[in-house]
Structure formats: structure tokens, C-alpha cells
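Enquirer: Everything below, folded, please.
(one chain, ligands or ions: 1)
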Amino acid sequence: MPATAFTPRVFSGIQPSGGLTLGNYLGALKRFVDIQNDGKQECIYCLVDLHAITTWQEPDDLVRNTREAAAAFMASGIDPRRSILFNQSQVPEHTQLAWIFNCVARMGWMGRMTQWKDKAGKNAENASLGLFAYPALMAADILVYHATHVPVGEDQKQHLELTRDIAAKFNHDYKIDFFPITEPMIEGPATRVMSLRDGTKKMSKSDASDMSRINLSDDADTIALKFRKARTDAEPLPETYGELEERPEARNLIDIYAGLIGQSPDSVMTEVAGQGWGKFKPHLAEVAVETLAPITGEMSRLLGDLAEIDRILIDGAARAREVAAPVLARTYEIVGMISPR
Ligand code: AQP
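Expert: Model (predicted):
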């Protein structure tokens, strides 16, 4: 069934597999806040701790990163009274629906996922089964809420296509229009923020090099240092964005700048054309600090009361379950599972 036939509802999530980065902020968080403030759709945002453990997480780190991510959401503008904010493991309907989807999705579909190939690498035999099945759990995260729209960065596009395939196959196999064919929302200039050390690699919270990313917890000096050391070429900035086609590191810094100031990369070029890196990089760092410093400050304030963060997450999970439980119950019925009436 097309998404338009359902109540408009947005779902998205972020893995607490490390501290959040500028990539997570521009590609996801900033847009989550805009959508919430638009007020047109119900918003459900999730810290996907079950996804995080598909690669090894130290338990104490996972607890800390989950609370830090919750603080980052709220410090960025997510209001837990207007949006539902919770951690995935507290809503068991996600994993229950994921099992059904494990039986709908095909091995071949999963094997073609580029994130699986990238993360498992040449050592696939040693990767966790969870990492392979990750996209089926992601489909369950979305479809257990009958979510119609999912804001994500470019890197998640393939997983969303798979979510649509799973919904369509379920509807087809059980001859019922039950799950929506969810629409991805991949918009804006910074849907793919790249590493500051390698313009062909995504900025990632689990990259071995801390210099490759801006963390939401970085202070002003660290941000300035990381942009100063960011890899670039020797050429000044050209007149047009199109001329950056073969200059991935330069293009990345322009995309980041455009994302931060909320303009298109084309219009940014008219402002910066002809500038050398000695001028552009300090300006970029200044703009990044202006945006991130209030968020970092608010995050540390919120992290001063961990019990309150936990309370907000538990409350969010209870509200999420109110939406998820009837969808799961109906799914069980459709599949043919006997359950209490
Ligand atoms: N570099 C990025 N540019 C734009 N968007 C990004 N996102 C992540 N990195 C970038 C978006 O953030 C949301 C949450 O992603 P995630 O943290 O759940 O998973 P990920 O995409 O695997 O992010 P990382 O940082 O690379 O995590 P690790 O290192 O743990 O694998 C998604 O909407 C994603 O598109």
C-alpha cells in the first residue's frame, strides 16, 4: 500500500555505537528537529542499541553512548514531549517483528547490502549473524509503527529500499495491504558527510582516527584543529560547485559549510569562490563552533542528571509500545499465530 494511505508518521534511529558526529547531525539529527518543528507528522526517534551490538560494544560504553545520544537529541532540539524518544531494546515488538521479517527477507537480498559487505569485509565468516540480519531489524523498526517516512543520510538508502521490498513481499505473500511502502527522505546538501582524512570515505563514529570526524562533544579548539588538519588539495576554491567533481575533500568541506548555514552548495560557491584554504578553513571552523557549541553545552548540562535521561527514555518506550503492540498483534494474526483475544 502506498505510504499516502496511512497516517503520516516519521520514524528514524541512530546507533549509540560511539559518540555522535557532525555527519549524524547534518545527515540526520538536524533534519529530525526540522520535521518535528514542522508539526505535520508524528515523530518517533530511536536510539538503536540492538543494532549497535551487531559489532562489539563494551557494555559500559554502550550505556554511556546511549545516554549521550539521548542528550544529543534533546540538546539539538528534540522535545521528548512532542516526539517519542526511546532506546530500541525497551520495545520488544521490534525484535518480534524482525523475526517475522527474517522469514520474509531472502538471503540473497541481505548478501547484496553494501553496508554488510563493507563492515564484514573479507572476514564475513567471523561477522555476527546480527550484522547480516541488520536490515530486517531495521525494516521492523520502521514498519512496527507503520511509519510512512524515514529521514536518513544517503548511506541508508539501500536499507530503505530493502524495507520497501520486505513490506511489499509480506503484503504479497499474505495477500493483504498491511504494511506501508515507506518513503525515504534524503534531502539537503549534507546527506553524505565524508571523512576529514579521506574524501571518499563516509565520516563515521567508529572510524579508528578521531581526526577523521567532528564529534558533537568536541570543544572549539579541537574543532578548529580538525578542520585545519583536514585533508585538501593545493587549489583555491573555484567559481562553481560542478568544478569540485574531481576534488572530493574540497567538495566535502563545501557540503559541510552549506549544511551548517542551511544553503545550497551552488549558492555557497558565489560567497567563497577564489578563497584559499588558509581563509576558508578557519571560517568553516568558526561556523561549526557557532552551531555546535550550544549543543555541546546543553548536552553536558543534561548529562548532569542521568536519572532524568533514563526516565525520559522509559517514558518514550511506553508510548512507543502503545503504537507498536497493535501492529505486531495484527501481524501475528495475519501470519497465523494463535494468541489470546
Ligand atoms: N557521514 C554521514 N553523513 C550523513 N549522514 C550520516 N549518517 C551517519 N553518518 C553520516 C546518518 O545518521 C543516521 C544514523 O546512522 P547510524 O549511526 O545509525 O549508522 P551509520 O550510518 O552506520 O553511522 P556511523 O557513524 O558510520 O556508525 P558506525 O560507525 O557505528 O557504523 C543515519 O540516518 C545515517 O544515514
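Enquirer: what separates the residue in the stretch 101-250 of the chain that the ligand sits nearest to from residue 212, distance-wise?
Expert: In the stretch 101-250 of the chain, the residue found nearest to the ligand is residue 153; the distance is 2.4 Å by C-beta to the nearest ligand atom. Heads up, the C-betas are built off the backbone N, CA and C, glycines and all. Distance, residue 153 to residue 212, using C-beta to C-beta, to the nearest Å: 16 Å.
Enquirer: ok, now residue 325?
Expert: 41 Å.
Enquirer: Residue 280 too?
Expert: Taken as C-beta to C-beta, the span from residue 280 to residue 212 is 19 Å.
Enquirer: burial of residue 129, as a residue count?
Expert: 9 (other C-beta atoms under 10 Å).
Enquirer: Could I get the contacting residues of it?
Expert: By C-beta atoms under 8 Å, 6 or more residues apart in numbering, no residues touch residue 129.
Enquirer: can you give me the helices in the chain?
Expert: Applying DSSP state H to the chain gives helices spanning 22-24, 30-38, 49-52, 59-76, 93-102, 107-111, 114-120, 129-143, 157-173, 220-229, 248-261, 265-272, 277-302, 306-335.
Enquirer: of all these, which lies closest to residue 82?
Expert: Residue 82 lies closest, by C-beta to C-beta, to one member of the helices of the chain: helix 30-38, at 5.8 Å.
Enquirer: other SSEs contacting the closest one?
Expert: strand 9-14, strand 42-47, helix 59-76, strand 149-151 (3 or more C-beta pairs under 8 Å, 6 or more residues apart in numbering; DSSP states H and E).
Enquirer: by how many degrees do the first one and helix 59-76 diverge?
Expert: Which is strand 9-14. Orientation of strand 9-14 against helix 59-76 (axes from the mean of the first three to the mean of the last three C-alpha atoms, to 10 degrees) gives an angle of 130 degrees.
Enquirer: Name the residues that touch strand 9-14?
Expert: Contacts of strand 9-14 (C-beta under 8 Å, 6+ apart): 20, 24, 28-29, 32, 35, 41-48, 51, 69, 73, 88, 138, 141-142, 145-152, 185.
Enquirer: what about the residue in the chain positioned nearest to the ligand, neighbour count?
Expert: Relative to the ligand, the nearest point of the chain is residue 27 (2.0 Å; C-beta to the nearest ligand atom). By the measure other C-beta under 10 Å, the count of residues near residue 27 is 26.
Enquirer: ok, the closest residue to it other than its chain neighbours to residue 247 distance?
Expert: In this structure, residue 27 finds its nearest non-sequential neighbour in residue 153, 3.1 Å apart by C-beta to C-beta, 6 or more residues apart in numbering. Remark: distance between residue 153 and residue 247 (C-beta to C-beta) = 21 Å.
Enquirer: okay, the helices and strands packed on helix 30-38 in TSV with distance to residue 120, mean pLDDT and mean neighbour count next?
Expert: As requested, the helices and strands packed on helix 30-38 are exported to TSV (distance: least, C-beta to C-beta, whole Å; pLDDT from 0 to 100; neighbours: other C-beta atoms under 10 Å):
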stretch	distance to residue 120	mean pLDDT	mean neighbour count
strand 9-14	21	98	24
strand 42-47	24	98	25
helix 59-76	21	98	21
strand 149-151	24	96	23
